[in-house]
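Participant: Fold the following, please.
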Amino acid sequence: MHPKTLTCITPQSQPLVDEALADQFRYNIPTDYKTRVEAVPADRPLVLGDGVVLPVRATHQLHLGWQTGPATQVAFVAQIAYADGAWREVWPCISDEKVPAMRAANEARRQQRLRAQSLAANVPPALRTEVQDLLAKGRKIDAIKRYQEATKEDLSTSRAVVELIMPK
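Facilitator: Numbers count the residues shown, from 1 in each chain. Prediction:
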């Protein structure tokens, strides 16, 4: 991490950073990943939102991508800048006032993941077969729409459920 990122981590924001790091490193990156680097426009704002600011301007974005299945892929993007003789990742600084709202948002996402896992485990067999058939044909969007139509779940939940029942 960039030294200026490290200096802005507070005891209040540390748990959020730990969660984000765990999320970032949940993947095993395969050897056949693709990579590209893009320059970041010099006029890109440092303020990302209320209470969230980049401590230093990233000069580049590092993009990593790889396939995880026939119709799924992972895209990872890191903001980077050169410091102390190496390329370092630039993470935003989170004000202590912003921490409670971010914790609440993280908890809401966790609850949605748990709900999606429960729904995926209990998809009726006929609907599961329909969705899996669409996925096998590379029609992920149609599979999500079919699940949504059958269950009346919102789009985000439907997508999460379909991704959980996709073949890996």
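
Participant: Spatially nearest residue to Gln117 (excluding sequence neighbours)?
Facilitator: Leu164 (6.3 Å; Cβ to Cβ, 6 or more residues apart in numbering). For every residue, glycine as well, the C-beta is placed using N, CA and C.

Participant: So the one you found lies in a strand, does it not?
Facilitator: No. Applying DSSP: H, G, I helix; E, B strand; the rest coil, one finds Leu164 to be helix, outside a strand.

Participant: Check it and give its pLDDT.
Facilitator: For Leu164, the pLDDT comes out at 92.

Participant: what about it, neighbour count?
Facilitator: 15 (other Cβ atoms under 10 Å).

Participant: List the contacts of it.
Facilitator: Ala116, Gln117, Ala120 (Cβ atoms under 8 Å, 6 or more residues apart in numbering).

Participant: Okay, buried residues for stretch 139-152 please.
Facilitator: Burial within stretch 139-152, assessed by neighbour count using 16 or more other Cβ atoms under 10 Å, is assigned to Lys140, Asp142, Ala143, Ile144, Lys145, Arg146, Tyr147, Gln148.

Participant: In this structure the fourth one contacts Thr157, no?
Facilitator: No. Under the criterion of Cβ atoms under 8 Å, Ile144 makes no contact with Thr157, lying 10.0 Å away.

Participant: could you pull out the strands for the protein?
Facilitator: Under the criterion DSSP state E, strands of the chain are mapped to 34-39, 47-49, 52-53, 60-69, 72-83, 86-89, 93-94.

Participant: Same list, the ones you listed, but as TSV with mean neighbour count, mean pLDDT and distance to Tyr27 please.
Facilitator: Output for the strands of the chain, formatted as TSV (neighbours: other Cβ atoms under 10 Å; pLDDT from 0 to 100; distance: least, Cβ to Cβ, whole Å):
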stretch	mean neighbour count	mean pLDDT	distance to Tyr27
strand 34-39	10	95	14
strand 47-49	11	81	24
strand 52-53	15	88	24
strand 60-69	14	89	8
strand 72-83	14	89	6
strand 86-89	14	95	16
strand 93-94	22	92	23
